[in-house]
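Novice: sequence plus predicted model, see below.
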Amino acid sequence: MAAESLMDITDEVTGRLKQWALDVLNAIVEIFAYPFATLALVRAAAAAEAQSDLNQIRASYQTVPLDPSILAEMVMREILGIDQAATEAAMSSLDLERFKLMVLSVGEPPGLMEMVSLWRRGLITEDELDKAIVYSRVRNDWIPQLKLMAYDTMSQSDALEAAVKGVLDPAAAKELFIQAGGLADQWQTLLDTSGNAIGVQQVEELWLHGLATPEDVKRTILHSRINPTFEPLAAELYHHYLTSFQIKNIVEGGGATVEQATEWLIQTGLPADQAAAFVKAVAKGTSTKVHDISESQVLELYESHFIDQDEAKALLTHLGYDQATQTYLLEILDSKRALAALTAGVTYIKKAYIAGIVSDNDARIKLGALEVPNAAIEAYLAAWAVEKATEFKQLTAAQIGTAYKDQFISEADALGRWAAMGYSETDAAILLALHGGAAPAGSPAAAKQP
């Protein structure tokens, strides 16, 4: 029947074209005096009329089937069933078996890097990964190389840090640096500039005590993050000046004149009028005496870094404490400071470890940098590993509702989970209704339901 319809269409179109050709020739004969312009107009008119007739014929005989590749996509997306799509594909001379093969070949897998990540984490098998790869556009020749992307190496900065801290031999660290994408000819430069220098003021303090040389000071400044423009200023940090508290003690002890003490206070940053008023009050004995301050206040000032060790010892001397007692009291506070800093550092490393940000080895290195003993490090890691393994999370109330709505859990399961979270039976029923369940009995919404 389809072949006869096609022959009828062809005969009809051919007949019409022949008639139009005769009409065109007659028109040419009639307007022979205007051959070129007239011929173009006739041809355009004939083509337009023929196209219009062809469009009408096509509209009358709508028999063109869908492309088999489109039909395969429709089956994969569950728009059509396999039998219905196969019947349509047969109109394009494709049998059922070949069409089924086409259906099996359509569609893309999830992202390959996401699948590689799932395989690395043990959530899919290697066979499942291979299947995802062959369904992608990656050639099978590259499957072994693709699997290598499941693993990573330490970063360039990690390799440098391991070499600086002596954890790895420089040659081995350099190899890992190159594997991480670093350039071999840049290794030595980066290694020489890695690591932090001690504080500039600290090395200058050592220099003043004869424990460092001017070259040590210069090298420390160069290895710091100070901009070279400010290196001359940094070199002057070894200068120290009396504090206002020390100046006060000197004036009270008769070690300086009012004029000299006023000049010293101005150098600390006080306005001239305030400096003069302060020294005048001290000289007259109206300021608070050193003996009026208590031991606890001195220690609190020292612990809060408002005064340094020398100032604290001077105050304790005025309170009648001997040198041994002074040293003992201040060492206790220094120990408390160190313990607080150590505790804060260990707590930070613990949080990063449990969150999976640092590995066992990274945690050991960072704890070692805090001078935590090896036995304590291993005890910390053992306890943290248990806490990390037993840590769990549960779905929120909204996530439970979505899971029920999408039919991942049953109604009873959803109600039970909400009850375990502390929701009353009435509130749980309302939550269920909000996510597609039946309205609670006795509610206005339930009364409207048929």
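Specialist: Structure received.

Novice: now Leu118. Nearest residue, chain neighbours left out?
Specialist: In this structure, Leu118 finds its nearest non-sequential neighbour in Ile124, 4.6 Å apart by CB to CB, 6 or more residues apart in numbering. C-betas here are computed from N, CA, C, even on glycine.

Novice: Val116 is in contact with that neighbour, correct?
Specialist: No. Ile124 sits out of contact with Val116 when judged by CB atoms under 8 Å, with a separation of 9.7 Å.

Novice: circling back: check which helix or strand the residue nearest to Leu118 maps to.
Specialist: Ile124 belongs to no helix or strand when elements are defined using DSSP states H and E.

Novice: when you give positions from now on, start the count at 33
Specialist: Taking 33 as the first residue, the last one we looked at is Ile156.

Novice: coming back round to it: looking at Ile156 and Val148, which is more packed in?
Specialist: A count of neighbours by other CB atoms under 10 Å puts Val148 above the other of Ile156 and Val148, at 20 against 16.

Novice: list the contacts for the residue nearest the centre of the chain?
Specialist: Geometric centre of the chain, nearest residue: Ile389, 11.1 Å, by CA atoms, centre = their mean. Listed by CB atoms under 8 Å, 6 or more residues apart in numbering, Ile389 has no contact partners.

Novice: check Ala216 too.
Specialist: 206, 210.

Novice: any idea how far it is from Arg109?
Specialist: As for Ala216, its distance to Arg109 is 52 Å (criterion: CB to CB, to the nearest Å).

Novice: can you point out the buried residues in the host helix or strand of Ala104?
Specialist: Using DSSP H and E, Ala104 maps to helix 100-108. Neighbour counts using 16 or more other CB atoms under 10 Å place 100, 103-108 of helix 100-108 among the buried residues.

Novice: just the strands in the stretch 83-232 of the chain please.
Specialist: Taking DSSP state E, counting those that start in this stretch as the criterion, the stretch 83-232 of the chain contains no strands.

Novice: so where is it shaky, pLDDT-wise?
Specialist: Counting by pLDDT under 70, the stretch 83-232 of the chain has low-confidence residues at 90, 93-94, 228-229.

Novice: look up the pLDDT of the nearest residue to Asp248 once chain neighbours are set aside for me, please.
Specialist: Nearest in space to Asp248, with sequence neighbours left out and distances taken as CB to CB, 6+ apart, is Val235 at 5.9 Å. Reading off the confidence values, Val235 has pLDDT 74.

Novice: still on that earlier bit, and the helix holding Ala104, how far from the chain's centre?
Specialist: Averaging C-alpha positions (CA atoms, centre = their mean, to the nearest Å) puts helix 100-108 39 Å from its chain's average.

Novice: swap in stretch 189-204?
Specialist: Computed by CA atoms, centre = their mean, the chain-centroid distance of stretch 189-204 equals 26 Å.

Novice: redo the buried residues of helix 100-108 as JSON lines? Include distance to Thr221.
Specialist: Output for the buried residues of helix 100-108, formatted as JSON lines (distance: CB to CB, whole Å):
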{"residue": "Pro100", "distance to Thr221": "62"}
{"residue": "Leu103", "distance to Thr221": "63"}
{"residue": "Ala104", "distance to Thr221": "58"}
{"residue": "Glu105", "distance to Thr221": "56"}
{"residue": "Met106", "distance to Thr221": "61"}
{"residue": "Val107", "distance to Thr221": "61"}
{"residue": "Met108", "distance to Thr221": "56"}
